[in-house]
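1. mind looking at a prediction? Sequence and model below.
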Amino acid sequence: EEMVKTMKKGSVIVDVAVDQGGTIATIDRVTTHSDPIYEKHGVLHYAVANMPGAVPRTSTYALTNVTIPYALVLANQGLEQAAVLNPSLGKGVNTYKGHVTHPQVAEAVGMPYVPL
């Protein structure tokens, strides 16, 4: 919140994770497509849940275009090999074979971290 207070008046914050609980301290409510913004500390806050819902057909194509390559790597290589060949996939694995394999997730749930 202190950082937001130092932002230039009229700046905009978009919380793309508001559906999952949000990531911005000053986002204190979910907004809607019909009333998408509010001002706090002179900064505009946009916290629309399901942002892609405004353009469902286009967002489906966009999501498909960026996820299909990952799905193909997983299908063709399997998780273990895909995680080695594509480090970004490996970073997305939170649990594997009963272990928490992401350090921040392990910390958040109070379990030991086991590297993938």
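-> Thanks, I have the structure now.

2. could you find the closest non-adjacent residue to the residue nearest the centre of the chain?
-> Nearest to the geometric centre of the chain sits A17, at 5.2 Å (Cα atoms, centre = their mean). Of all residues not flanking A17 in the chain, T23 sits nearest, at 4.8 Å (Cβ to Cβ, 6 or more residues apart in numbering). C-betas here are computed from N, CA, C, even on glycine.

3. which elements pack onto the helix ranked longest in the chain?
-> Longest helix of the chain, by residue count under DSSP state H: helix 56-85. Packing contacts for helix 56-85, counted by 3 or more Cβ pairs under 8 Å, 6 or more residues apart in numbering; DSSP states H and E, involve helix 87-91.

4. show me what the next helix-or-strand element following the helix it packs on packs onto, helices and strands only.
-> Following helix 87-91 in sequence order, the next helix or strand is strand 95-96 (DSSP states H and E). For strand 95-96, there is no helix or strand it packs on, judged by 3+ Cβ pairs under 8 Å, 6+ apart.

5. which residues are contacting the next helix or strand after strand 95-96?
-> Proceeding N to C from strand 95-96, the next assigned helix or strand is strand 99-100, under DSSP H and E. Strand 99-100 is contacted from outside by 94, 106, 109, 111-114, using Cβ atoms under 8 Å, 6 or more residues apart in numbering.

6. output the contacting helices and strands for the lowest-mean-pLDDT helix or strand in the chain.
-> The helix or strand of the chain with the poorest confidence is helix 87-91; it has a mean of 88 (mean pLDDT, DSSP states H and E). With contacts defined as 3+ Cβ pairs under 8 Å, 6+ apart, helix 87-91 has these neighbours: helix 56-85.

7. pull out the buried residues from the helix it packs on.
-> For helix 56-85, the neighbour count (16 or more other Cβ atoms under 10 Å) marks 73, 82-83 as buried.
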